[in-house]
Structure formats: structure tokens, C-alpha cells
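**Q** 3D model of this:
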Amino acid sequence: MSPAEVYLALRLQLDAQLGAEQVTRAGAMVLLGQMALETGRFRASMNYNLGGVKCGSNWAGCWQHFSTTEHFSPAVSAEYLAHVPEGAKVEHAGTDAKGLWILRFSGRHPMNRFRAYETLDVAMESHVRFLLGKRYRAAVFLAMAGKAADFARALRVAGYYTGDPDDYARNVSSLAKEYDRSLAADETPSVPVPEPLTMAASLPPVDAENERHEPPAPPVVPPPAMTVSLPRVGQPLPVVALPWWMRLLRWAFRLMMR
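**A** Residues are numbered from 1 along each chain as shown. Coordinates of the predicted model:
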């Protein structure tokens, strides 16, 4: 996977689960740097395990075994070396700068049983939900504030890893800065600006034949209805003046009847 692919999946899940208003580019880069540290710059994210997250007996998803190293005190290391399950292997690989023993677990040991996923999207949804749980949520908000070193140390206090916190913090900070420089700037969502309302909005669509607008025809207003007031019962009918030609016809008819 490329860092750009992982970053896009991370931002989508952070916006969905934490809320876009609380997500910062600096914080996302810190989380990306931490995942890169855990996976060898995403070259060793076996089955999309993005953060080296282990699983216990209550894990209901898929899982896998692969070798890992842990740092423990000499007393704890002695217990692991003395009680090795069948099919597993525990080796003393050295001592770190702070006097902790470095143990290498391989085979089918509970210490190297890791979560497994089928796709990047499913893995990222699970990983972000894991980080936003009660145990590591405070560390995520330190990351969103751009405090990479504090984020790394908070993970150590909460038991995310057993290595040296100073080395871990330095590597997370360095990777976060590297990816911030190399990855493209986040796109700002564009908000469409409504066009000003003009008279053109009320014109009919363009005629495909003559490519011009025809103004709308004026509305047809019917003439007002004529009202005739009828006389009341017992009153004479009103006298209506006849036109001249009707009066002429009536006079000629009377002459003929004489």
C-alpha cells in the first residue's frame, strides 16, 4: 500500500468516527506516522494489520501469527522463557539501552497473535475504532493537537507497545513530518455559490431550431361578465331604446297592416 492510499482511508474513517470538525491534518499525519512505524512503512502490514494490533481470546474476527519482538524486565522475560506453549518459540534477542530484555516471539504464541483483515477499508474502520476506544482515546486527541511525542508516550503508558518511548516518539514525529511534506495538501470541499436570479431565469428554453428566446405571450384576460339586474315582482319592465333600423322596420310593418 502507498502512504497516500492509507492516508485517504484514515481521513475518511476519522471524519466518520471522530467528526470532521475535530480532525486535523497534523493529527492524521501523526497517526499515519505511527502506523508506518508499526508496519515498516506499510511494507509489512500483513493482512492489513495497520498498527501491529494483537487480539485476545475474545476477538471474533480473523487472526494470524507472525514473529514479533517485545521488551520486558528480566523477571517478566524469565517467565516467558520458562513457559513456552507447544508450537511456539521464545528467544532472548538482547538487551535495550534501558536494561530491558528483548524477546522474540514466533510460531503459535499468544504474544504474536495479531488481527487480520481482508481489505484496507475494513481494517482502517477497525483500527480507528480501536484507537478511539476508552484506552487510547486521550492519546488520539494529543495527536489531533499536533503533539506527536506526547501521543507516542501516552500510547506507551496505556500499554500499546513495550519498546523505548523516546525512540518511538522520535520515529513517529519524523515519519509524520515526512508524510506531511510528501503528501498532497488536503482538498477543501467546495460549496456551490448560487447564481444571481435574473429575468433570464423566467424565459422559456432555447428553441433548438432558431437558437433564440421568444418572449412569453401576454396572458389572455377574458372580458368582464355583463350583469343584468332583473326587476322585482310587480314592477314594470324597463323601457329599452331600440336602434334606428329596428324602429324603421316596425314603422314599415305598421303601414302594411293598414
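
**Q** Stretch 138-157 - what's its average pLDDT?
**A** Here stretch 138-157 scores 97 as its mean pLDDT.

**Q** Check which residues of it are buried.
**A** 139-140, 142-144, 147-156 (16 or more other C-beta atoms under 10 Å). (Glycine included, C-beta is placed from N, CA and C.)

**Q** low-confidence ranges in the stretch 151-258 of the chain?
**A** 187-242, 244-245, 258 (pLDDT under 70).

**Q** Name all residues that make contact with Thr24.
**A** Applying C-beta atoms under 8 Å, 6 or more residues apart in numbering to Thr24 gives the contacts Met144, Ala145, Gly146.

**Q** right, and the last one touches Val30 too?
**A** It stands for Gly146. Yes. Using C-beta atoms under 8 Å, Gly146 is in contact with Val30, at 7.3 Å.

**Q** what about the closest residue to Ala116 other than its chain neighbours, which SS state?
**A** The shortest distance from Ala116 to any non-neighbouring residue, by C-beta to C-beta, 6 or more residues apart in numbering, is to Asn47 (3.7 Å). The three-state label given to Asn47 by DSSP: H, G, I helix; E, B strand; the rest coil is helix.

**Q** any idea how far Asn47 is from Ser126?
**A** Noted for Asn47: a distance of 12 Å to Ser126, by C-beta to C-beta, to the nearest Å.

**Q** now Tyr136
**A** When Tyr136 is compared with Ser126 (using C-beta to C-beta), they lie 13 Å apart.

**Q** Who has more neighbours out of these two?
**A** Between Tyr136 and Ser126, counted using other C-beta atoms under 10 Å, Ser126 has the larger neighbour count: 19 against 16.

**Q** Outside of the host helix or strand of that one itself, list whatever touches it.
**A** In this structure, Ser126 sits in helix 120-131 according to DSSP states H and E. Here helix 120-131 makes contact (C-beta under 8 Å, 6+ apart) with 1, 5-6, 9-10, 12-14, 17-18, 31, 35, 48-51, 53, 61, 115, 117, 136-137, 139-140.

**Q** Which elements pack onto the following helix or strand past it?
**A** Beyond helix 120-131 on the C-terminal side, the first helix or strand identified by DSSP H and E is helix 137-144. Applying 3 or more C-beta pairs under 8 Å, 6 or more residues apart in numbering; DSSP states H and E, one finds that helix 137-144 makes contact with helix 25-38, helix 120-131, helix 148-157.

**Q** Any chance of these in CSV with distance to Ala176 as columns?
**A** Putting those into CSV (distance: least, C-beta to C-beta, whole Å) gives the following:
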stretch, distance to Ala176
helix 25-38, 4
helix 120-131, 15
helix 148-157, 5
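
**Q** Between those, which one is closest to Ser77.
**A** Nearest to Ser77 among the helices and strands packed on helix 137-144 is helix 148-157; the distance by C-beta to C-beta comes to 18.0 Å.
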